[in-house]
Each structure stands twice: as structure tokens, then as C-alpha cells.
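J.: I need the structure of the sequence given here:
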Amino acid sequence: MAFHKIPCFIALMLAPWFSLTAIESAVALTLVGPNTRWQADPTLPERWHDEDNWTNGVPGATDNAAVDNGGIVHILRSAQAAGLNLTGAPNAVVKQMRGRSQFGILRIDVGTYELNRGVLDVAFVDIGRRPLPPITTPGIGKFVVPFFPLLAVNGPIALNSRPHPILPTTGAIALSPVEIPNVETINIPFRIPQVSRLEQYGGVLNVEEQLSVFAERFHITRGRVRANSILIDARGPFAPTAFLPVPEVSPGVWQEGGRVNVAGEVLIQDGTYTLEGGRFLTDRLVLGDPAMENTLSFWAAQRSPSFIQSGGSSYIAGNLEMWMPAFNIPESPLLPFHSVSYQLEGGRLRVDGDVIVGSMGPAPASFLQSGGRANFGGMLRIEGDASRYEISGGRLATDILEIGIGTFNTGGTFAFREPARVVVEDRISFGAESILEAVPGSTLRVRGGTFENFSQSEENLAGLNDLRLIFDGPDGAGIFEGSLSSYLEVGGQDLGDLDEGFEGNFALDTLRVGGRYNTTLQLVDLVDNQLDFVGVEALYVDRLVVAPGSTLDLGGISIYYRSARILGEVINGEMLNGAIVSLNAAAVPEPTTCSLFALGIALCAFWQRR
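T.: Prediction:
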């Protein structure tokens, strides 16, 4: 018998699973075989507390119970069990109508648990985990073999057809670590995904430890959920569906209403949390794997973690982190991720900590805002060449905005897809390889803060040409401690009073100083943005506005404009640490100039009458 050589990248993926310890640690929830099973007629609804409906009587606090015959179970008063497992038949339903149910582990492999009223207390909830059966291999012992479509074949691979290529399967190929048969085709048996659902129509669900969703969904219509942590991982701990197409509808949590309060972390490694209504509160929201704690699992499959918010309110007390690992499988063109994204279509999102949109590889990490209101109390950081924040509607306010400022990745894109308003309270910084995309009408309001530009590519920041930049707010700390001014880094090559200066060249569509608040803005040239230019850089702006009570301090820097409305402490004919030059239009005179002009006309008329 001839054998094929296992490719290097397959060996890397398989290595961890030849360790029994790794297997035992990965499968956290394992129910001991049930000592009482549901045996009532599966076509009729029956009561939990009827002894005749169970093989060994009504479950007690130390019993493990199973509903595996497709039965319909009604809980009308308090129920308890060390563990409850729904398995075997997709039409199995446990309906809690009232009372307080207490289970150590609620595991929904196949079937549905409905919480309509009352209280459900559990330590762990496991939805849709379907582990592969243990297989005994000579010399290795008993372990679970996660299969991969690329396993040990050089010829074509035929996959059994199935409507939805999702989630863990029960089919597996037993392979010896030393011998692999010489075959041209392997048919891999997949199980068609079954129903695995937790439906909450009311009541209270208390999860002492972790609520895990591996397949199908947890659907919340009304009621309250309190959990220590939530994990959404459609591929499961072993990712046996590696490299299969990403399903059109990802498993996860679907919240239409109610209130979800997570004391710790919500981690989405694959799948979707959909928020359409109600309130969602957590200490930390993570999409992807920023801590690189599960790199082997990520190596094994393409993943698409996402959070989609079309309504309701979302509050995150700590950080919202989106991270794509940089790891690629050797000798394989496939990426470990398909994408990671937060989509804000409506509702309100508040994050008291930082929002990090980061990609350490070629797979995209995206925050896509088409509506709603986003308010970030810390920093919004877009880091990595494939990372981007797109806004096409709604409102965004953040304390600090950093684009392309990162320890390992200097790229990143901020894009105005439609005219929108963005407010930055403290500082906005463009890194050396950052990108700004904008459309006419895009507005960036800096309230008493600083505009930093470390880029030397006017092409990457071409969006400045369509940007309305407004400094409007109480005088901030600026970039110098103890300062009372806001600062704007200029980066344009000083071409004099030529139209070419408005083309690219870090030019702005509009610069407005002041408005609701009196503001002092100073132009600075602290960064060499023009490598081939010697001298002080300049600012070109199509329209310049200085509001009454506000001050524009040129700091020895020239500013060129096509039109201006200068009503504050300004410059038109009066120097303030620099010079101002007008192209193609005259500035609106200052109020004092207008008064003197009117007075002169009045005097002339008076003398003529005499």
C-alpha cells in the first residue's frame, strides 16, 4: 500500500489534537450520561413533574436529565437538575411557563428551550456544541479527530452536498498518525445542521458563568438576561469545518428586546450578535482574538465575527476591541478570517473605554456606521492596512481619533461615504500611512483640541480637499501642557498665490474657527510633511471663517484662501504673528472696518449738505 505525505501546514494543524490533554481542556462542558430520560409520547405536551414521563422519575438536584426523543416538556413550577441535555431530535421543546428552574448545565445540542415566564438559573449554557465522537487509534489512546477537507489527499475531494455548510459535524475520518491510505477521493460525511435554540419570551435568565453559542442562536424577545460572560463561536473549539464557505446567516445571539447585562466579557470569535431592540450592557466586547489566546483554533478555519446593531441601545463600560490576527497558514493561500466588523445601522452605542479597529494581516477589520449615534469616551483607534471606519449616516463623537497610529501597524482608513458629522473632543491624529476618504459636505468638528498630521502623502489624505474642519469649543490643552490654544498642523507646500496649491497639498475645503464657543486656533509646522520642500509649510483652504470672539494665530505661517468671512480677532490687513493672502476674492471686512467706512460716508454727506 502506498501512502501520501502530509503537507506541512496540515501537520501544524493536526499536531495539537494528538494530545489528550489538549482535547480534555478544550471541551469544557461534558455531561455525565443521563440517569433519567424523557419517555413521554413525543407528539403530546406533558408535564416535567409527572414521574411517569421519566425513565427514573423526576430529576433531582444531583441528576442528569435528557430529552432526546423529540418530546414536548412543560415546566409549570420549579424544576432542578445537575444537568439538562436536549439532544437527538430537532422538534424537542422544553417550555418553562413559570417557577424557578435551576440547572448546573443547560446543554442544547438539538432542540429548543423556551423561557416564557419565571426564572432560569444555570451555571453554564451551551447551545449547539456537537463534539465529534471519540475514536480509538492504536498507540494513541482515545481522542477526538477533527477532520479537514484537505486531509491527506493529493487528488480531488468530494464533499457530500448539504444545504448549509455550517458548524461542527458528527462525521469524522479515523486516521492513523503513521499511515494514510492512497486514495484519490474522500467523501466526508457531514450532518445537516439541526435546530439548537434558546428562546426567551420573558422571565429572567441568570447564567452564573458562561453562556456559549456554537450553533443556531439564542433569541431574546423580552425579559432579562444576566450572565458573567458570553461566547459566540460558530466553528466550535476544533473548527472541524475549516475552509468551508462562510454561511449566509451566522449563528449567534438575536436580541429584539429585553435587557442583557454581562458582567464580564462578550467574546465573538465566529458568528453574529444582532441587536434590534432593548438594551445590551457589558464590561467588554471583543470581536476576533486580540489576546491571541486561541490561535490554533483561528489557524484552523475562516471566521467572521460581527456585531450588527439596527436599534436599541448598547453600552460598553470598558473597551470595544476588533482584532484580526496576522497568522496565515504556511503553504496555504487561505486566510484564518473572512472579516470582522461592527455594523451600526441605528440605535445608540456608548463606549466609555477605547474602540480599537485593528487588523494585523490582510483580512479586513471594519466599523461600518450607516446610522445611529456612537459616543466613545476614550480613543477611537484605527490600526492596520486592512482596518477602516466608514460613516455614511448617523453621528459619531469620540474623545480622541487616531488613524494609522499603532505599535505594529501604521496603516488605517477613515472614510466619509456620505456627508456626515464627526465630533472629536480632544485630538485627531493621522499617522504616516493613514488614509482619509471624504465626499463634499463631510464635517469634522474639533472641540478645543488638536489636529496632528504625520503623513507625507497628500494622495492618502486627499479627503482633506472635501473636508469642512471646524474648531469650536472651549480652549483646550492643545499639544503643549498648560496651553490654552487649539493647534492645527499644516502640511502644504508653499506655492504662493497659485491655484495649484489647492490641488492635493493637504488643502482643506473649509476652515472655521469658533462658533458656539470662542476659540483660539494656532497654526503650527512641527512635522516635515513635504520631503522635497525646504521652508515653512503653508495652509491652503477654499473657504476661511473666523467667528466673532475667536482668534486665528498664524504663528508665522501663510494661509491662502479663495473666500473668507472674518468677523473675529483677525487678520485681513492686520498681522497676527504671520501673513494672510487672499486668492480670487476679498475677505469680508471686520466689524470695526465696516463702522469706520459707514462713519466716513456719513461725514461726507454732512459736509456736502453744508
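
J.: point out where the stretch 151-300 of the chain drops to low pLDDT.
T.: For the stretch 151-300 of the chain, applying pLDDT under 70 flags the ranges 151-194, 235-250, 289-300.

J.: whoops, I mixed them up, the stretch 351-500 of the chain
T.: Within the stretch 351-500 of the chain, the segments meeting pLDDT under 70 span 360-363, 407-409, 474-484.

J.: now with 80, please.
T.: For the stretch 351-500 of the chain, the stretches with pLDDT under 80 are 359-363, 406-410, 448, 473-485.

J.: who are the packing partners of the host helix or strand of residue 315?
T.: Using DSSP states H and E, residue 315 maps to strand 313-316. If you count contacts as 3 or more C-beta pairs under 8 Å, 6 or more residues apart in numbering; DSSP states H and E, strand 313-316 packs onto strand 279-288, strand 348-351. (Each C-beta comes from the backbone N, C-alpha and C, glycine too.)

J.: between the ones you listed, which gets nearest to residue 95?
T.: strand 279-288 (25.4 Å; C-beta to C-beta).

J.: strand partners of that closest one, parallel vs antiparallel please.
T.: Sheet partners assigned to strand 279-288 using DSSP bridges are listed as strand 259-275 (parallel), strand 313-316 (parallel), strand 320-324 (parallel).

J.: and the next helix or strand past the last one?
T.: This means strand 320-324. For strand 320-324, the following helix or strand on the C-terminal side (DSSP H and E) is strand 340-344.

J.: any idea what residue 429 is bridged to?
T.: Residue 429 forms beta bridges with residue 402, residue 452, as assigned by DSSP bridges.

J.: could you do residue 561 as well?
T.: residue 541, residue 582.

J.: is it true that it touches residue 538?
T.: No. Using C-beta atoms under 8 Å as the test, residue 561 is too far from residue 538 to be in contact (11.1 Å).

J.: got the end-to-end distance for stretch 346-356?
T.: Taking C-alpha to C-alpha, to the nearest Å as the measure, stretch 346-356 stretches 20 Å from start to finish.

J.: got the buried residues for that stretch?
T.: Under the neighbour-count criterion of 16 or more other C-beta atoms under 10 Å, stretch 346-356 has 346-351, 353-356 buried.

J.: go through the strand holding residue 315 and flag the buried ones.
T.: Buried positions in strand 313-316, judged by neighbour count with 16+ other C-beta under 10 Å: 313-314, 316.

J.: pLDDT (mean, whole number) over it?
T.: Average pLDDT, strand 313-316: 98.

J.: buried deepest among the strands paired with strand 279-288, which one?
T.: strand 320-324 (a mean of 26; mean count of other C-beta atoms under 10 Å).

J.: now do that strand, average pLDDT.
T.: Strand 320-324 carries an average pLDDT of 84.

J.: how about that strand as PDB, C-alpha atoms only?
T.: C-alpha atoms of strand 320-324 as PDB (Å, rounded to 0.1, in the frame of the first residue of the first chain):
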ATOM      1  CA  LEU A 320     -14.700  47.500  22.300                       C
ATOM      2  CA  GLU A 321     -11.900  45.600  20.500                       C
ATOM      3  CA  MET A 322     -11.800  44.300  17.000                       C
ATOM      4  CA  TRP A 323      -8.700  42.300  16.100                       C
ATOM      5  CA  MET A 324      -7.700  40.100  13.200                       C
END
